[in-house]
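In: test case, fold it:
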Amino acid sequence: MEKDWVTVYSTNKMYQAELLKRLLLDHDIPAIIIDKMDSTYRTFGDIEVYVMRDRILRAKILVKEFEVE
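Out: Numbering: from 1, shown residues only. As a prediction, this is how the structure comes out:
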């Protein structure tokens, strides 16, 4: 992964990561999801949402709003 991508959100539920990704994309913030959960035991690891470093401030504001809902 390129060094310009940073984690803005981490969860153990794929649907939450997908919802946040859609919210970020709707606000013109490119986002990707990296699934770091163990393939055998789905209780270990996280699903992380990444954005470009230059969009981190705007993304964090949206993440805060997302977590309140």
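In: ok, and the closest non-adjacent residue to residue 50?
Out: The shortest distance from residue 50 to any non-neighbouring residue, by CB to CB, 6 or more residues apart in numbering, is to residue 5 (4.4 Å). Where C-beta positions appear, they are placed from N, C-alpha and C, glycine not excepted.
In: measure how buried that neighbour is and give me the count.
Out: Number of residues near residue 5 (other CB atoms under 10 Å) recorded here: 17.
In: what residue ranges in this protein score low on pLDDT?
Out: 1-2, 39, 41-43, 69 (pLDDT under 70).
In: where do the helices sit along it?
Out: Counting by DSSP state H, one finds helices in the chain at the ranges 14-26, 56-68.
In: partner residues bridging the residue nearest to residue 50?
Out: residue 52 (DSSP bridges).
In: in contact with it, which residues?
Out: Neighbouring residues of residue 5 by CB atoms under 8 Å, 6 or more residues apart in numbering: 32, 50, 51, 52, 53.
In: closest to residue 46 out of the helices of the chain?
Out: With CB to CB as the criterion, residue 46 lies closest to helix 14-26 of the helices of the chain, at 9.1 Å.
In: leaving out sequence neighbours, find the closest residue to the spatially most central residue of the chain.
Out: Geometric centre of the chain, nearest residue: residue 49, 1.8 Å, by CA atoms, centre = their mean. Excluding its sequence neighbours, the residue lying closest to residue 49 (CB to CB, 6+ apart) is residue 9, at 4.2 Å.
In: give the contact list for the one you found.
Out: Contact analysis of residue 9 by CB under 8 Å, 6+ apart lists 17, 20, 48, 49, 63, 66.
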